[in-house]
Structure formats: structure tokens, C-alpha cells
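S.K.: Provided below are the primary sequence and the corresponding predicted coordinates.
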Amino acid sequence: MAGRLRREYLLPVSSPPHLNQPGGNLGYAAASYLLWGGKPGLVARVNKTFPADWLERFELAGADIAGIRQVPEAIDDRFFVTYTTEMQPKHDNPISWFAERGKPFPQELLGYSPTIPIYCSKSDYRPDSIRVTDIPQSYLDATAAHICPIDFISHKILPSVLKGGMVSTLTMRACTCYMDPIFWEEIRALITDLTAFMMTDTQALKLFQGRSVDLWEIARILTQYGPEYILINTKDGTLMVYSRLKKKRWLIPAYSGKAENPTGMMDAFDAGFLAGYRKEYDVVQAALCGMVSASFCAEGSGPFYLLECLPGLKEARFKVLSQQVMEV
């Protein structure tokens, strides 16, 4: 699994702040994969001050951290998010948000600016962009891999490198910064080697701006570029699944639990999907595993919350959701 590791500063609506805790899309994906009994190998670039004990915690949980590279380049690994009462994420102005909630402002966030790029470079590497040399040779013996949102360059090089090894099942979640009409010509080559391509409805509509507003049509067109499946997460939590080979469409609703903190939900979904798909290569079963992982993630804080799942609970939620799948 390739992605980003972060120091998270979360300010939920009704629960206490969670400050300077391990996070990042790779962290949530790794924990979700571990939840389903997988043993993920992690690939990311971190700065030299990233806490070693956090990495050790992932290792103790069963992850391989040989692909975590400490680099000399300056990487601002801070990530701040708060949520409105409608659970909309806000990343700007942490000082004002802490003041509004009446919470002390953490000094570590002084000088913070959002780390979510609004534009991807088509040619320039960022300090945390994955390089080919970052991937341990042993990881190329894996048969499945997932690429979390990183940047355009990383997403451009990783699929061909991974497919050049033993990887036969490859999934990737879209980066918002390249789901834009100006990247239209690059998308085909970007996703041609994928088994499944994940995105939000907002990302899909932005990419197809001026071309289509029909999400099922968008999914069908994208599968013509190579992926077997397109998975679209909608604003209300529903998952849309389109299969190119079977020419079938499914809708799966979100689990009806209480969402306290949606941070990392989609990354948890993605890894749960991959873990489920590897078992029986059934896209619906895989999607259900992903939705179960996402439901656990939303109820707590931080990647390791997923590993506190009570025995039998994920199977129970899987059964509930399996009864709500709709083929359309």
C-alpha cells in the first residue's frame, strides 16, 4: 500500500479534540487491511521527525514498514480538520475554529496551512511523491496493492511499476487535484492498469464537466479505459459499483451507525474492499467489507481505533449490509 502518513489534529463537533495523533490515508488503509486479517506492506515518505513509535505500532499490529522512507526534504506532515454540524470538513483557519469551540489552540499548529493541493503538477515531484526507488524489491512479489491519494506523478508511475511485478489486483483512489477537465487526456493512461478505481461523486462530475452529469454513464466510460470496476462514493454515503465485465450496477447504503468522525473513512473503505476482493474476487462482497470498515472508522478517531473492533462485530455488520444491496 502506498500513500501518506500524517500528524492529525482533529476537532470533532461534539467530542474532545484529538491532537497530534497518527493518521494519513495510508494509516487508515493499513489499519483497515489489518482488520480483515491482511498483512500490508507500507510505502510512504516521511520527514526525520515523524515519530518512530507510531511506525513501530503499525509494525506490531502486523504491517511491514520496510517501505517507509525517512527523507531529508521538508515535509509538513500536519493535517487539521474540523467538522460542521452537517459533518462537512473544514481545513482552513484552525485558530478561529478552536476559538469558536472554546478549546485551547495547540502551539504545534502555528503557521499551519492546508496540505491538500488544489492542483497537481503533471511533471514535478513533491517531497512526499513516491519514487520508484522507494518500493522495496520484496514488495513486488505481492499479488495485490492499493494506492491511496498522493499526487499525479505518484499515480502515474506506481501502477506500471507494481504491475511489472507480481501484482494482479491493483486498486487506486483518485486525487481531487487531477480529477479536473485539464487532466482529461491523461486519465486514460493513468487508470488503464487498475482493477478498481475509487472516487467521490464530486470528483467524477468535476472530471466530466461539460461531458456528462450521469454518474452511471461516467462509470461506464471510465471502465472502457481499463478498470474492471468503478466505485463511486456519494455524498449521502451510498456506494455505486459498476462492473465492466458483468455490465452490472449495484447500490450499497452506508451502515446506519452514528458517525462521530468521518476522517479516513474512504481510505478504510478502499483497503477493506481490497481485502474482501482477494478472498473470493467478488466485487459486491468486497464492497461490503469496505463499507463495514468505513462504518468502524467513522465511529472513533485515528487508524488504530479500527483494530479495537469487538469479535464478531464486523461479520454482523457485513450480514446487515448484505441484505441491503440493490442491483439496478
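M.R.: Structure received.
S.K.: strands along the chain, start to end?
M.R.: Counting by DSSP state E, the segments of the chain that form strands are 6-11, 18-23, 41-47, 64-71, 78-83, 89-90, 144-147, 169-173, 196-200, 229-233, 239-243, 248-252, 326-327.
S.K.: alpha carbons of stretch 32-47, as CSV, please.
M.R.: C-alpha atoms of stretch 32-47 as CSV (Å, rounded to 0.1, in the frame of the first residue of the first chain):
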residue,chain,number,x,y,z
SER,A,32,-8.5,-1.5,7.7
TYR,A,33,-6.5,-4.1,5.9
LEU,A,34,-5.2,-5.4,9.2
LEU,A,35,-8.8,-5.5,10.5
TRP,A,36,-9.6,-8.2,7.8
GLY,A,37,-6.6,-10.2,8.6
GLY,A,38,-4.3,-8.8,5.9
LYS,A,39,-0.5,-8.1,6.3
PRO,A,40,0.1,-4.8,4.4
GLY,A,41,3.5,-3.6,3.3
LEU,A,42,3.5,0.2,3.6
VAL,A,43,5.2,2.7,1.2
ALA,A,44,5.4,6.4,2.1
ARG,A,45,7.8,9.2,2.6
VAL,A,46,8.1,10.9,6.0
ASN,A,47,10.3,13.6,7.5
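S.K.: from residue 117, how far out is the residue nearest to residue 277 when sequence neighbours are not counted?
M.R.: Closest residue to residue 277 apart from its sequence neighbours, by Cβ to Cβ, 6 or more residues apart in numbering: residue 286 at 3.6 Å. Every C-beta, even on glycine, is put in place using the N, C-alpha and C of the backbone. Residue 286 sits 29 Å away from residue 117, going by Cβ to Cβ, to the nearest Å.
S.K.: so where's the protein uncertain?
M.R.: Within the chain, not a single segment meets pLDDT under 70.
S.K.: tell me which residues touch the spatially most central residue of it, please.
M.R.: Compute the mean C-alpha point of the chain, and by Cα atoms, centre = their mean the closest residue is residue 267, 2.6 Å away. Shown in contact with residue 267 (Cβ atoms under 8 Å, 6 or more residues apart in numbering): 3, 25-26, 28-29, 32, 148, 173.
S.K.: likewise residue 240?
M.R.: Residue 240 neighbours (Cβ under 8 Å, 6+ apart): 201, 215-216, 219, 230-234, 249-251.
S.K.: just the buried members of the contacts of residue 267?
M.R.: Buried by 16 or more other Cβ atoms under 10 Å: 3, 25-26, 28-29, 32, 148, 173, out of those.
S.K.: contact partners for the closest residue to residue 41 other than its chain neighbours?
M.R.: Closest residue in space to residue 41, ignoring its immediate chain neighbours: residue 64 at 4.1 Å, by Cβ to Cβ, 6+ apart. Applying Cβ under 8 Å, 6+ apart to residue 64 gives the contacts 39-42, 139.
S.K.: could you rerun that using 10 Å?
M.R.: With contacts defined as Cβ atoms under 10 Å, 6 or more residues apart in numbering, residue 64 is in contact with 1, 30, 39-43, 58, 136, 138-139, 142.
S.K.: next one: residue 316
M.R.: Counted by Cβ under 10 Å, 6+ apart, residue 316 has contacts 292, 310.
S.K.: and the end-to-end length of stretch 177-190?
M.R.: Chord length of stretch 177-190, first to last residue, is 14 Å (Cα to Cα, to the nearest Å).
S.K.: residues making contact with it?
M.R.: By Cβ under 10 Å, 6+ apart, stretch 177-190 touches 116-122, 149, 151-153, 155-156, 159-160, 172, 174-175, 197, 199-200, 202-211, 222, 224-226.
S.K.: now, those that are in helices?
M.R.: Mapping those onto helices (DSSP state H) picks out 152-153, 155-156, 159-160, 202-207, 222.
S.K.: nearest to residue 90 among the residues you listed?
M.R.: Nearest to residue 90 among the ones in helices among the contacts of stretch 177-190, counting by Cβ to Cβ, is residue 202 at 15.8 Å.
S.K.: distance of the closest one relative to residue 179?
M.R.: 8 Å.
S.K.: now swap in residue 27 and tell me
M.R.: Distance from residue 27 to residue 179, by Cβ to Cβ: 23 Å.
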